[in-house]
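In: Sharing a sequence plus its predicted fold:
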Amino acid sequence: MPVNTTMTAPRTPPADAASAALRAAFRAAFDRELGLSTQGPTPDAAMRAAAGACRELLAQRWARTQREDAGPDGQRVSRRVHYLSMEFLMGRALGNALAALGLDGELRSQLDALGQSLPDVLERESDAALGNGGLGRLAACFLDAFAEQGLPSFGYGLRYRYGMFAQGIAGGRQVERPDDWMRFGEPWELPRPELRYPVGFGGQVVIGADKRHHWRPAEHLVAQACDFIVPAHHSERVSTLRQWQASAADPIDFNAFCQGEHAAAASHLVAADALNWVLYPDDSTAAGRALRLKQEAFLVSASLQDLIARHLREGQPLATLGKRNAIHLNDTHPALAPAELMRLLLDEHHLPWGEAWAITRQAVSYTNHTLMPEALETWPVALFETLLPRHLEIIYEINHHFLDEVRARFPGDEACIARVSLIDEGGAEGHHYRERRVRMAALAIVASHKVNGVSALHSELMVQTIFADYAALWPERFHNVTNGVTPRRWLAQANPGLSGLLDRAIGMGWRKDLGQLELLKPLAADPALGREFMAIKRANKQRLAERIARELRVSVDVDSLFDVQIKRIHEYKRQLLNLLHVVARYQAIVDNPGADWVPRTVVIAGKAASAYQAAKLIIRLAHDVADTVNQDPRVEGKLKLVFLPNYGVSLAETILPAADLSEQISTAGTEASGTGNMKFALNGALTIGTWDGANIEMAEAMGVDNMFVFGLRTEAVTQLMTQGYEPSRIARTQPVLLRVLNAIGGGDFSPEEPGRYRPLTDHLLGSDRYLLLADFADYVATQARVDTLYRDPAAWAERALLNVAGMGWFSADRTIRDYVERVWATPEGV
């Protein structure tokens, strides 16, 4: 599928007249918006005025982009991509918009005249709480790349009022509170009141006189569109994040209200509004599970209705919908899309089954992001019967046709039938339930013409393990597309010091083509360049140190090695292994404080899911260890540990440029790809990591010797688990490890509650699912190699520059080009 390359020519400085006109339009809009403030030209008012002015200019680009994408007489040059994702972790938008429009200097001048500073104004913007972790940040990077590559596209998500949650820390414990990021409004939104679609739940399905299925929902909602515009930096193209806001179709119950039953009169309004309150509501209750499924159904229904309406509005017949439109599922959350698309085509547009299924198969593709069977979303059949009865009928019918195909291919293999069926009849391996459930990943695979993993190892393991049966049926359906990140936010904006060094060393071409970073490789050993790099790194570390002092009241040494792990807290990501090393290092320093220790500051950040008790206990352990280490005068100047709360995009933009060492230490075979690993390396951090996910491709790109690789590899993990893993035996044979476990489990870091961390240590000694003890000795030894290299600043700088030089391939622009070629090309023979 060709990309509309006419929209992606490198941006050159605009002609004086055009540049002057753009600046004048911005000034006029900024002054007009600022004049509306009742508080005068405060920093908050200036931020909102600048956002409003940028939004006005971007809206003009949006209108041009839509006209271009429709093409003359509706004949556009490539498929339009519709990217469905439950989360988009966008971060702040003003700095990105100013950079894309080339107006940061203009705003700085305007603010100077008001006695304000640009950095202060930029800090007034809240992070858009529309995502949580790597999945949402990847989706945000893709929107940026859609615009940069000139790809006709829409991202579709929900407009979350309170995000997942804002993380606070009280007594070392994670405390969740609503992330009320829109409490003062959202200056970037473009409401689309003309785009409203009905969405139903519950009720019953009846067969009409016309012999058709008619769904009569009991609950009626309306999906209202709000747009968020994401600009390209080297053209006037934009991409769109269309977010859906739910509301009840009916107003209040006026009779109930007049009778004084005010809450009851509006209960359906509150229930509808709740769909937009929280990302990933706690699913430990039946009500929480129902809300999650309703969110997913709401997202896909509104998005697909919007897609079909646009397709018809452009004068195209339904028969060409699959050829002209790609519907991409970012993980299993939107996997209901095939069933909803079939419902719309069958029930609303009255297509026959065969034609509707052909269109669905042409349109749909799916990215898998996990190798863990328990993480593949399933829903109780009973819940589907209650909320989505028509969709369940359609899923049954899809399954009937699919299993007929499987039986024809593998006659008599009923075990295979049970494994691949869209319906788990109960008691699946790795689960504790006994009820019948709908397998959402299976639905996505069966309905998709392409399925991809997100790193070479992940894609290989995907077809060997969790999806082996489907890969045997359709080997041509499975592909790899390794993730990438946008260099515009994660290098150009987050690290202007390093960006300027790159401009001086290799020219500015890398800003358009990140592959040009390879020009840095022959320069990496230059001592002067290395010293300049280390000076920039130190300035970034100073900025982070100031934030740590401001937020945590902990002073850290900017000349210490900044050892950083930032990601959602999960057992497989092994923040606990990091803490085991911190404790071992602490104990060793206390034993021999006069030794020549390399000073180290360990920084951890990330949220634990609200119902994930083990992850929350790891956060508490981090704080208890930090309290002990940071207050012990015997290790002063040698070791600090800090946990920065409420990790998000803006915090990452401060942490990433400051990191010396990036911790990417998941158990081999568990991390699908990772993108934080790429952002760290792009900013000149060295990686200590396992042979897992995209770490492997990064090591191959920069040279394996330039990454600190440790731990068991996937084959060894499998062999160890097959033979029978005995973690307690490992602990008994490693005195350093046993001492660490005894200190944690025995209450050295929680003397007021000695048994607080026994659940963690008992698990490690009893089963250790993620093999922390098996990898501990190699991890500690590799950390010693890190210390050795850090003692030689010139050698460290050379290695860091080689890391940067090897990151050109890991651009989201390349990733999107790969999707265009391997996944979103118009399917043949489907």
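Out: Arrived safely.

In: Point out where the stretch 1-150 of the chain drops to low pLDDT.
Out: Within the stretch 1-150 of the chain, the stretches with pLDDT under 70 are 1-15, 72-77.

In: ranges for the helices of the stretch 151-300 of the chain?
Out: Under the criterion DSSP state H, counting those that start in this stretch, helices of the stretch 151-300 of the chain are mapped to 254-258, 262-265, 267-273, 286-313.

In: what does the stretch 351-500 of the chain give?
Out: Counting by DSSP H, counting those that start in this stretch, the helices of the stretch 351-500 of the chain are 353-363, 381-387, 389-409, 414-420, 440-447, 456-464, 468-473, 487, 496-506.

In: from those helices, which stretch is densest packed?
Out: helix 487 (a mean of 30; mean count of other C-beta atoms under 10 Å). All C-beta atoms are positioned from the backbone trio N, CA, C, and that covers glycine.

In: just the strands in the stretch 101-250 of the chain please.
Out: 153-158, 166-170, 173-177, 190-201, 204-207, 213-216, 219-231, 238-248 (DSSP state E, counting those that start in this stretch).

In: so what does the third one touch, helix or strand wise?
Out: In this structure, strand 173-177 packs against strand 166-170, helix 613-630, with contacts taken as 3 or more C-beta pairs under 8 Å, 6 or more residues apart in numbering; DSSP states H and E.

In: same thing with the fifth one?
Out: Applying 3+ C-beta pairs under 8 Å, 6+ apart, we find strand 204-207 packed against strand 213-216, helix 389-409.

In: That strand - which strands sit beside it in the sheet, and in what orientation?
Out: Strand 204-207 has the following strand partners under DSSP bridges: strand 213-216 (antiparallel).

In: Report the distance from the partner strand to the chain centre.
Out: 37 Å (C-alpha atoms, centre = their mean, to the nearest Å).

In: Number of residues surrounding residue 512?
Out: 17 (other C-beta atoms under 10 Å).

In: can you check residue 40 too?
Out: Quick note: residue 40 (other C-beta under 10 Å) scores 10 neighbours.

In: Give me the distance between it and residue 183.
Out: 21 Å (C-beta to C-beta, to the nearest Å).

In: Show me the shaky parts of the stretch 401-550 of the chain.
Out: 427-433.

In: Return the distance of stretch 224-234 from the chain's centre.
Out: So, by C-alpha atoms, centre = their mean, the centroid of stretch 224-234 is 18 Å from its chain's centroid.

In: Dump the C-alpha coordinates for that stretch into PDB.
Out: In PDB, the C-alpha atoms belonging to stretch 224-234 read as follows (Å, rounded to 0.1, in the frame of the first residue of the first chain):
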ATOM      1  CA  GLN A 224     -20.500  12.000  21.200                       C
ATOM      2  CA  ALA A 225     -17.200  12.700  19.400                       C
ATOM      3  CA  CYS A 226     -14.400  15.000  20.600                       C
ATOM      4  CA  ASP A 227     -11.200  15.300  18.500                       C
ATOM      5  CA  PHE A 228      -7.600  15.800  19.500                       C
ATOM      6  CA  ILE A 229      -5.300  16.800  16.700                       C
ATOM      7  CA  VAL A 230      -1.800  15.500  16.400                       C
ATOM      8  CA  PRO A 231       0.400  17.500  14.000                       C
ATOM      9  CA  ALA A 232       3.300  16.400  11.700                       C
ATOM     10  CA  HIS A 233       6.600  18.300  12.100                       C
ATOM     11  CA  HIS A 234       7.800  18.200   8.500                       C
END
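
In: Could you give me the buried positions within that stretch?
Out: Residues of stretch 224-234 classed as buried by neighbour count (16 or more other C-beta atoms under 10 Å): 224, 225, 226, 227, 228, 229, 230, 231, 232, 233, 234.

In: again with stretch 557-574
Out: 557-558, 560-574.

In: That stretch spans what distance, first to last residue?
Out: 26 Å (C-alpha to C-alpha, to the nearest Å).

In: Could you give the average pLDDT over it?
Out: Mean per-residue pLDDT for stretch 557-574: 97.

In: With stretch 727-742 instead?
Out: Mean predicted confidence for stretch 727-742 is 98.

In: What are the contacting residues of it?
Out: 580, 583-584, 587-588, 761, 764-768, 771, 773-774, 776-777, 780 (C-beta atoms under 8 Å, 6 or more residues apart in numbering).

In: can we see that at 6 Å?
Out: If you take C-beta atoms under 6 Å, 6 or more residues apart in numbering as the criterion, stretch 727-742 is touched by 580, 583, 584, 761, 765, 768, 773, 776, 777.

In: could the residues you listed be laid out in JSON lines, adding neighbour count?
Out: Compiled in JSON lines, those are given as follows (neighbours: other C-beta atoms under 10 Å):
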{"residue": "580", "neighbour count": "26"}
{"residue": "583", "neighbour count": "22"}
{"residue": "584", "neighbour count": "19"}
{"residue": "761", "neighbour count": "20"}
{"residue": "765", "neighbour count": "19"}
{"residue": "768", "neighbour count": "21"}
{"residue": "773", "neighbour count": "23"}
{"residue": "776", "neighbour count": "26"}
{"residue": "777", "neighbour count": "15"}
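
In: picking up where we left off before, of all the helices of the stretch 351-500 of the chain, which one comes closest to residue 331?
Out: Comparing the helices of the stretch 351-500 of the chain against residue 331 with C-beta to C-beta, the closest turns out to be helix 440-447 (8.9 Å).

In: what inclination does that closest one have with respect to helix 286-313?
Out: Our comparison of helix 440-447 with helix 286-313, counting by axes from the mean of the first three to the mean of the last three C-alpha atoms, to 10 degrees, yields an angle of 20 degrees.

In: and the angle for helix 440-447 with helix 353-363?
Out: Computed by the same axes, to 10 degrees, the angle between helix 440-447 and helix 353-363 is 100 degrees.

In: Residues contacting helix 440-447, please?
Out: 329, 332, 335, 338, 360, 364, 366, 376-377, 402, 422, 451, 470.

In: Of all pairs in those, which one is the farthest apart?
Out: Greatest spatial distance among those (C-beta to C-beta): 360 and 376, at 20.7 Å.

In: re earlier: need the contacts of stretch 727-742 in CSV (columns: distance to residue 259 and pLDDT).
Out: Listed next are the contacts of stretch 727-742 as CSV, based on distance: C-beta to C-beta, whole Å; pLDDT from 0 to 100:
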residue, distance to residue 259, pLDDT
580, 63, 98
583, 64, 98
584, 68, 98
761, 59, 98
765, 63, 98
768, 61, 98
773, 65, 98
776, 67, 98
777, 72, 98
